[in-house]
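Trainee: What follows is a protein structure lacking sequence information:
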């Protein structure tokens with residue numbers, strides 16, 4: 001019985017570790033980006049086609065005052081970061097200074113629609 005519980009515990013731990021994944025994309029101010037995403041013409045039927053995602057990312061580039069961050073992947077999906085991820089992103093923004101685009105790689109787990117962040121780094125080769 002004890003052996004079965006230990007094996008079961010190890011399998012659970014292994015399955016938790018297997019969910020860690022890395023996303024790449026742009027780091028943005030999550031409140032600004034969510035506002036831009038909601039800013040649509042209600043009569044427009046082709047909003048995804050008419051939107052300029054690059055402009056929204058540039059407009060919502062984080063500043064040293066940004067408190068909540070999101071990752072916008074290259075396919076246009078956005079994922080807010082958890083509290084620990086927000087702290088790590090703020091540290092990265094302060095360290096790198098003011099730039100227009102923050103391309104990053106985020107490693108963590110997807111919990112609901114938010115990323116539980118383990119690490120945030122500039123993409124390899126930068």
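Mentor: Everything's here; your move. Here the structure is a predicted model, which means the values were calculated and not measured. Numbers count the residues shown, from 1 in each chain.

Trainee: I'd like to know how far residue 56 sits from residue 113.
Mentor: Distance, residue 56 to residue 113, using CB to CB, to the nearest Å: 18 Å. Where C-beta positions appear, they are placed from N, C-alpha and C, glycine not excepted.

Trainee: what does residue 72 give?
Mentor: Taking CB to CB, one finds residue 72 at 13 Å from residue 113.

Trainee: Between those two, which is the more surrounded one?
Mentor: A side-by-side neighbour count of residue 72 and residue 113, using other CB atoms under 10 Å, places residue 72 first with 21 against 9.

Trainee: which regions of this structure lie under the pLDDT threshold?
Mentor: Applying pLDDT under 70 to the chain flags the ranges 1-18, 40-51, 98-100, 123-126.

Trainee: can you rerun that using 80?
Mentor: Along the chain, segments meeting pLDDT under 80 span 1-19, 39-53, 97-101, 123-126.

Trainee: So which residue is smack in the middle of the protein?
Mentor: residue 71 (2.8 Å; CA atoms, centre = their mean).

Trainee: Packing partners of the helix or strand hosting it?
Mentor: Element membership for residue 71, per DSSP states H and E: strand 69-73. With contacts taken as 3 or more CB pairs under 8 Å, 6 or more residues apart in numbering; DSSP states H and E, strand 69-73 sits against strand 21-29, helix 30-38, strand 78-80, helix 83-96.
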